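Engineer: structure for the following, please:
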Amino acid sequence: MRVFSLVLTVLLAAVVAAPTASAAELREVTGFGTNPGALRMFEYVPDGLPEGRPVVVALHGCTQDAAGYGTGAGWVELADRAQFTLVLPQQEQANNANRCFNWFQSGDTARGSGEAESIAQMVQRAIGDTGADPARVHVTGLSAGGAMTAVMLAAYPDVFAGGGVVAGVPHGCASTMPDAFTCMNPGKDRTPQQWGDAVRGASSHQGPWPTLSIWHGTADYTVAPANQRELVEQWTNVHGIPATPTSTDTIAGYPHESYADSSGRTLVETVSVTGMGHGQPIDPGTADGQCGQAGPYLLDVDVCASWHLSRSWGLLAGVG
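Structural biologist: The predicted structure is shown next:
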């Protein structure tokens, strides 16, 4: 009897000590629309998520997939911490051999067609699934996912309140695959007006326009850092503000520039991650400001871009 009591005590202690498992999981969603881009949709909805919460769309880079990027970049854990719906589109090799989103193909970037329309349909499905706030939808991505983020902000500015481009290129930079490599490195130097016209010509939208946060490593030899400056020129022109920062400081020790309107609201910002190559900045851990898991193109540089994007979008208010 004493042995049984001891075993029971140990088992009860183990149950008490074990963390409660979350029922939430990344799940594939089918039937989200006509899906003209033939993409796959994955969705993460935290346990007990109330209606009226935001949506974040996170677009992986080449050779990556939805689950790996969602976890590695820290978006899944942030969805739990900040309580928002996470949408993770996934490219298929049938569309692109390297699983890059086709940000350079006109049939996949025009409003109402191809991959861009598939992603927009995913947003509407997510809003319908969770009763999310359609005024608080944001999009972000790495590399090809970053370039496709620029596409979504241009083609569907009425859908997204803000975006985050990580190691990406401006919208309208390329229309063919060979041209895409030139955009990536060394990049294209166009006037702010030319870049802005590319965005304004992507839809009939008259504003207001989404805000934009641009992250880039200064040692990125895959997508040249010059693209960060071109994105600044594109989106400050769209917003009708000067392409000169209104304030400069640092985030985790890295140069941070803000471009604000006359009321002081930041509409465009940049973070230049000194010495970082091509990838998503992460800072693994559970402390405030930390997130992510290191892996290919997921670089531990002591700053988590996803956390700071979440904060800039107001998703972390009252959290932490």
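Engineer: count of residues packed around Pro178?
Structural biologist: When neighbours are defined as other CB atoms under 10 Å, Pro178 has 8 of them. To be clear about C-beta, it is placed using only N, CA and C from the backbone, and glycine gets the same treatment.
Engineer: got it, and Gln193?
Structural biologist: Gln193: 12 neighbours (other CB under 10 Å).
Engineer: please, where are all the strands along the stretch 151-300 of the chain?
Structural biologist: 162-166, 211-217, 247-251, 254-260, 266-273, 280-282, 298-300 (DSSP state E, counting those that start in this stretch).
Engineer: let's have these in a markdown table, adding mean pLDDT and mean neighbour count.
Structural biologist: Formatted as a markdown table, the strands of the stretch 151-300 of the chain follow (pLDDT from 0 to 100; neighbours: other CB atoms under 10 Å):
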| stretch | mean pLDDT | mean neighbour count |
| --- | --- | --- |
| strand 162-166 | 98 | 27 |
| strand 211-217 | 98 | 25 |
| strand 247-251 | 98 | 12 |
| strand 254-260 | 98 | 18 |
| strand 266-273 | 98 | 23 |
| strand 280-282 | 98 | 29 |
| strand 298-300 | 98 | 19 |
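Engineer: redo the ones you listed as TSV? Include distance to Ala180.
Structural biologist: As requested, the strands of the stretch 151-300 of the chain are exported to TSV (distance: least, CB to CB, whole Å):
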stretch	distance to Ala180
strand 162-166	15
strand 211-217	17
strand 247-251	29
strand 254-260	27
strand 266-273	22
strand 280-282	20
strand 298-300	23
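Engineer: okay, Pro284: pLDDT?
Structural biologist: Pro284 is assigned 98 on the pLDDT scale.
Engineer: so who does it touch?
Structural biologist: Gln290, Cys291, Gly292, Gln293, Ala294, Asp300 (CB atoms under 8 Å, 6 or more residues apart in numbering).
Engineer: hang on, Arg200 packs against Val238?
Structural biologist: Yes: contact between Arg200 and Val238 holds when scored by CB atoms under 8 Å: they sit 6.8 Å apart.
Engineer: between those two, which one's more packed in?
Structural biologist: Comparing Arg200 with Val238 by other CB under 10 Å, the one with more neighbours is Val238, at 25 against 18.
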